[in-house]
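# here is my input, please return the structure:
(4 chains)
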Protein chains: 2
Amino acid sequence: MNVKPTSSSRTLHDVSRHLGVSTATVSRVLNGSDKVRQDTRDRVLRAIHDLGYTRNYAARALARQRTDTLGVIFPNIDSGFFSEVLKGIHEVASLADFHLMVAFSRSTTDEPDLVGEYLQGGRVDGLILMNLDMPEGFVRDTTRQRLPIVLVDRPVSGAEVATVSLDNIAGACDAVSHLLGHGYRRIAVIKGPDGTFDSEQRWIGCQRAFAQAGMAVDPELVWDGDFHKRSGYERVKMWLSAGKALPDAIFALNDAMAIGAMEALREFGLSAPQDVAIVGFDDIEAAPLLGLSTVRSPMREMGREAARALIELLRSGETRTNRVLTTCFVARGTCGRHETADP
Amino acid sequence: MNVKPTSSSRTLHDVSRHLGVSTATVSRVLNGSDKVRQDTRDRVLRAIHDLGYTRNYAARALARQRTDTLGVIFPNIDSGFFSEVLKGIHEVASLADFHLMVAFSRSTTDEPDLVGEYLQGGRVDGLILMNLDMPEGFVRDTTRQRLPIVLVDRPVSGAEVATVSLDNIAGACDAVSHLLGHGYRRIAVIKGPDGTFDSEQRWIGCQRAFAQAGMAVDPELVWDGDFHKRSGYERVKMWLSAGKALPDAIFALNDAMAIGAMEALREFGLSAPQDVAIVGFDDIEAAPLLGLSTVRSPMREMGREAARALIELLRSGETRTNRVLTTCFVARGTCGRHETADP
DNA sequence: AGGTAGAATGTAAGCGTTTTCATCAATGGA
DNA sequence: TCCATTGATGAAAACGCTTACATTCTACCT
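Now for the predicted structure:
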């Protein structure tokens, strides 16, 4: 199995020679815009077709100093959240004739390197960074250099960077309020990793809901998690293994942990919402399948919005995008559909 | 918010002038390999660092006639299956210093265009095509032109293309045999969309299992689905609404439909495996959470293998890769763990 | 000291486009 | 008939890198 070398494809020069015109003319036809007489245009198009010519993008990028490519950098966590965002990005990008490069940041310290490699290296025209826990300094640099970057799910106060994010606070507040509305009083919260933006915001939302209901937070019911399914599983399992009484409800700050919690319950022969109500956050693909009540993040729309913002930034050199998308509570089975009396 | 033009970055020439050496030397340092005296190497590295130089990839690609980039083309279906494969691809690719471009094929007829645009356009060195229902002619062309392409989840008989696929037939056969081993006799199968490779192969596997057991297929128990959860739900619901007796077991040709079926059961106050055994296919994220017995597809590994094959193809110009990965039956709750007597 | 092999470095020709500027042809007005 | 004007085309210089080939050092041998 031998591979035909790429170099065997025709070049602009081939086409122009074939026709006895200049490469400039062919290039003009290729790029639509400029004035070329109709009949030469036709001849050129014909020749392009006959010779099976295709543009070389490396050369084009070099000459134009841009690639028509957007970079998307994923965090390493694999919640299924970001592949949904990617689809939204692709939707908008492909409509505007942009292509997509993707990379997954391995460690937190990767990012500045990745940004340098992709942006300054001229691989992409702009970058969409997904929920990276970037160092403060990095954000500041970015801002100062005015790089074409859009931050997803990570608004930065005061910094002049385009961002698309989620109203995590309101979302979490809604969820807790909903649970309170069902009559649940002992509500446990499984948090995400400390210092994570999402987790912190959502936790603030929880506190707000409790405060609004005039309730104090029971520190024993604030559990640490790390946004991975396993941690949800373990918190619940440890709790049950210790023989403690379940709370009325559990609000996991993302779906993965909520699902982990459900799994632990099942191992003990328990289930939601019969034995305890469960609510997650994000509405990942598995959530509807499991009947998990959750707070829906409009992931696809975040992707679309991010792509729009970046493209606008590239085209006009500026953008005011700092959108905060709203969430929406989705009541499925696990939060209990009816008013539940205090036990 | 203004964007700093990319052109403001330093070039190789800047570095060489700054040092009074030639661009060739700097390039050599950059590319490691060639012999450069240690002290000049140091000086160059120093200067590169001081000037904040970064390579321009468009120029590099143009000069070297390759991009160190792999293209990944996704089908439009969003089963979550392929983002898992993507991670496998990225794992291997990034280790070999390859970058990734992704595109989603919109329609079936897109593919030849996409391939041309990406490969011949010099955007990527090779392509990984995911489960595309490509026209026969396209595959033939591909083969003839010996393009660096790897087909995932879509083996092509006789064609000399590298492929990584799944033993769908054996997987389905195992599943059905397993159910038969449990003593179930009336086994319903929910198929995928007609003409889909996966669905057809899996169906063949079912037939084989029945044949091996010397059983005839009951056409009434062959239900049409479309790989979406909803179709599994509706088949079961219609069946129950019509007042018909449930079969002993239901084998859905993918997990989403199996989960839909479970949901329908639940609505009727029934559950698996008590009232009917259920088995799915793929082992998506939600499957373990629901205790769904299923046939596991090694998605990540398929991605890794595809990337390996493509890189090998690029490096050595050939590959014999035609791997068929085996599935593995995962018995969880829903297939019934013990021998069940014939009712 | 002279010569020479071999290592280190420099020179310059690509790679395939785009794009500015110059040229040329055609058209119309005086 | 000639010139100005406009529109179509061509010539050639980038774009920033790699690399074959040429040249210059260095160091070692006789």
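# just want the residue of the stretch 151-300 of chain A that's nearest DNA strand C.
residue A:162 (25.0 Å; C-beta to the nearest atom of the strand). (C-beta placed from N, C-alpha, C; glycine too.)
# would you confirm that that residue contacts residue A:317?
No. Residue A:162 is beyond contact range of residue A:317, at 11.9 Å (criterion: C-beta atoms under 8 Å).
# ok, the nearest residue to residue A:51 once chain neighbours are set aside to residue A:22 distance?
Once flanking residues are discounted, residue A:51 sits nearest to residue A:10: 4.9 Å by C-beta to C-beta, 6 or more residues apart in numbering or on different chains. Using C-beta to C-beta, to the nearest Å, residue A:10 is found at 16 Å from residue A:22.
# what do you get for residue A:144?
Distance from residue A:144 to residue A:22, by C-beta to C-beta: 44 Å.
# over to residue A:332?
For residue A:332, the distance to residue A:22 equals 65 Å [C-beta to C-beta].
# list the buried residues for the helix-or-strand element of chain A with minimal mean pLDDT?
Within chain A, no helix or strand scores below helix A:136-145, which has a mean of 73 by mean pLDDT, DSSP states H and E. Neighbour counts over helix A:136-145 (16 or more other C-beta atoms under 10 Å in any protein chain shown) mark A:139, A:142-143 as buried.
# closest one of the residues you listed to DNA strand D?
Within the buried residues of helix A:136-145, proximity to DNA strand D (C-beta to the nearest atom of the strand) peaks at residue A:142, which comes in at 21.5 Å.
# excluding residues flanking it in the chain, which one is nearest that closest one?
residue A:149 is the one closest to residue A:142 (C-beta to C-beta, 6+ apart), at 5.7 Å.
# and the one you found, backbone torsions?
Main-chain torsions, residue A:149, degrees, to the nearest 10: phi -130, psi 140.
# and it, what are its bridge partners?
Note on residue A:149: beta-bridge partners by DSSP bridges are residue A:127.
# can you pull the contacts of it?
A:115, A:119, A:126-129, A:142, A:161-162, A:310 (C-beta atoms under 8 Å, 6 or more residues apart in numbering or on different chains).
# can you list those residues in a markdown table and add distance to residue B:297?
Putting those into a markdown table (distance: C-beta to C-beta, whole Å) gives the following:
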| residue | distance to residue B:297 |
| --- | --- |
| A:115 | 35 |
| A:119 | 37 |
| A:126 | 35 |
| A:127 | 33 |
| A:128 | 30 |
| A:129 | 31 |
| A:142 | 40 |
| A:161 | 40 |
| A:162 | 39 |
| A:310 | 34 |
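# show me where chain A has strands.
Using DSSP state E, the strands of chain A run over A:69-74, A:99-104, A:126-130, A:149-152, A:162-166, A:187-190, A:222-223, A:249-252, A:277-282, A:293-296, A:322-325, A:328-330.
# for chain A, what spans make up the helices?
A:12-19, A:23-30, A:38-51, A:57-64, A:81-95, A:110-115, A:136-145, A:168-181, A:197-212, A:229-241, A:255-267, A:286-290, A:299-316 (DSSP state H).
# and the contacts of the last one?
The reference is to helix A:299-316. Contacts of helix A:299-316 with the rest of the structure, by C-beta under 8 Å, 6+ apart, involve A:70, A:81-82, A:84-93, A:96, A:98, A:125-128, A:148-150, A:152-153, A:162, A:164-166, A:282, A:319, A:321, A:323, A:325, B:1, B:3.
# one more time with 7 Å
A:70, A:81, A:84-89, A:91-93, A:96, A:98, A:125-126, A:128, A:148, A:150, A:152-153, A:162, A:164, A:319, A:321, A:323, A:325, B:3 (C-beta atoms under 7 Å, 6 or more residues apart in numbering or on different chains).
# repeat that for the first one.
Judged by C-beta under 7 Å, 6+ apart, the contacts made with helix A:12-19 from elsewhere in the structure are A:22-23, A:25-27, A:43-44, A:47-48, A:51, A:53.
# just the buried ones from the residues you listed?
A:25-27, A:43-44, A:47-48, A:53.
# where's residue A:278 relative to chain B, distance?
To chain B, residue A:278 is 12 Å away according to C-beta to the nearest C-beta, to the nearest Å.
# got the residues of the stretch 51-200 of chain A near DNA strand D?
A:59, A:62-63, A:65 (C-beta under 7 Å from any atom of the strand).
# what about 10 Å?
A:58-65, A:120-122 (C-beta under 10 Å from any atom of the strand).
# can you select the buried ones from these in PyMOL?
In PyMOL, this line selects whichever of those come out buried by 16+ other C-beta under 10 Å:
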select buried, chain A and resi 58+59+60+61+62+120+121+122
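# so which two of the residues of the stretch 51-200 of chain A next to DNA strand D are the farthest from each other?
Greatest spatial distance among these (C-beta to C-beta): A:59 and A:120, at 19.9 Å.
# could you double-check that residue A:176 lies in contact with residue A:209?
Yes. Using C-beta atoms under 7 Å, residue A:176 is in contact with residue A:209, at 3.5 Å.
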